[in-house]
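> Below are the sequence and a predicted model for it; my questions follow.
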Amino acid sequence: MLKLLYALGATLLLSACATSPHISTESFHSLAADHRIRYEAGAANAAGQVAALLPAAIQQVEAAHGRAFLGEVTVHVCGSVDCFKRHVRTPNASAATVPDNRVFLAPQLFGREAHRLSAILTHELSHLHLGQQIGHYTSTVPAWFHEGLAAFAANGGGADYASDEQTITTLRQGKGFEPDRRDTPIKRHTADYWGMDVFVFYRQAFLFVNFLRQESATRFQDFLQAVQDNQDFDLAFGNAYNRPLKEAGERFRQSHSVQSLALNP
């Protein structure tokens, strides 16, 4: 049973890439109290919960990103599994940001995962924010940064199925991503590529982003603003930190007493 729950949890974390072709949302109702929130018939109470959280979540994301959203923030609340399946490619996820500038929340966030609602909403809004700046889940920015930044903006939300201790132990076992490995439109370096559990990949990305922020808040903001201005990722980092990403990765691993990782073939 524990293994089954663990496997299910791994699927739930696959939120940012859970996209689907555009499907009409005309059947959703606009929440009278906040028209940015739309909900499936019967999910008005769930939509009301989101309305109570949305202003603070937007403020938190804009503070973390250092700039306002470029476009409208629209959150769709699904009250049924069928609704979520229609709009999201990975229907067992807890939430998703789709490329046409919409966030979808799954019904479990108002049931068995209600304790995660605020954090997951914030995590997805971070994806939405970055997507509005440079394109949704673009390969010009590595997967670890997409997920690490979203978890950072959400104070660990979305990376909460693995602990720091578990993640550091995995690092010490020689499993970790290389921040300087570039993604391409047909090759994303996600957890599977690195031979890592998806929980741990998300958490490690979060810890690395936080490590960069702790090294220098000013340099981190310079780097983040350059990325959001759609500058080359490696160049943006080098200009802000005066060293290459590979060296930053080495420093991160050394901070946890980890030797340099061998390159994947």
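Alright, I've got the coordinates. Numbers count the residues shown, from 1 in each chain.
> Show me what the top strand by length along the chain is packed up against.
Under DSSP state E, the strand in the chain containing the largest number of residues is strand 34-39. On a contact count with 3 or more CB pairs under 8 Å, 6 or more residues apart in numbering; DSSP states H and E, strand 34-39 meets strand 29-31, helix 44-65, strand 75-77. No exception for glycine: its C-beta is placed from N, CA and C like everyone else's.
> closest one to G158 among the ones you listed?
helix 44-65 (12.4 Å; CB to CB).
> on that earlier part again, which of the helices and strands packed on strand 34-39 has the highest mean neighbour count?
A comparison of those by mean neighbour count, using mean count of other CB atoms under 10 Å, puts strand 75-77 on top with a mean of 26.
> partners of that one in the sheet?
strand 34-39 (parallel), strand 102-105 (parallel) (DSSP bridges).
> after it comes which helix or strand?
Reading on from strand 75-77 to the C-terminus, the next helix or strand found by DSSP states H and E is helix 81-87.
> CA atoms only for the helix or strand just after that following helix - export them in CSV, please.
Per DSSP H and E, the first helix or strand lying C-terminal to helix 81-87 is strand 95-98. Only the C-alpha atoms of strand 95-98 are listed here, as CSV (Å, rounded to 0.1, in the frame of the first residue of the first chain):
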residue,chain,number,x,y,z
ALA,A,95,-2.7,21.1,-10.8
ALA,A,96,-1.4,22.3,-14.2
THR,A,97,-0.5,25.4,-16.1
VAL,A,98,-1.4,25.0,-19.7
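> I'd like the average pLDDT over strand 95-98.
For strand 95-98, the mean per-residue pLDDT is 85.
> Of the strands paired with strand 75-77, flag the one that's most buried.
Most buried of the strands paired with strand 75-77 by mean neighbour count (mean count of other CB under 10 Å) is strand 102-105; its value is a mean of 24.
> what sits up against that strand?
Identification of contacts with strand 102-105 by CB atoms under 8 Å, 6 or more residues apart in numbering yields 25, 46, 50, 73-78, 84, 87-88, 94-98, 117, 120-121, 124-125, 127-128.
> For the helix or strand just after it, name the packing helices and strands.
Next helix or strand after strand 102-105 toward the C-terminus (DSSP H and E): helix 117-134. Applying 3+ CB pairs under 8 Å, 6+ apart, we find helix 117-134 packed against helix 44-65, strand 95-98, strand 102-105, helix 143-153, helix 217-228.
> how distant is the last one from the center of its chain?
Spelled out, it's helix 217-228. Offset of helix 217-228 from its chain centre (CA atoms, centre = their mean, to the nearest Å): 18 Å.
> The nearest residue to R67 once chain neighbours are set aside: neighbour count?
Distances taken as CB to CB, 6 or more residues apart in numbering put Q228 closest to R67, at 6.5 Å, once the chain neighbours are dropped. Residues lying near Q228 (other CB atoms under 10 Å) number 20.
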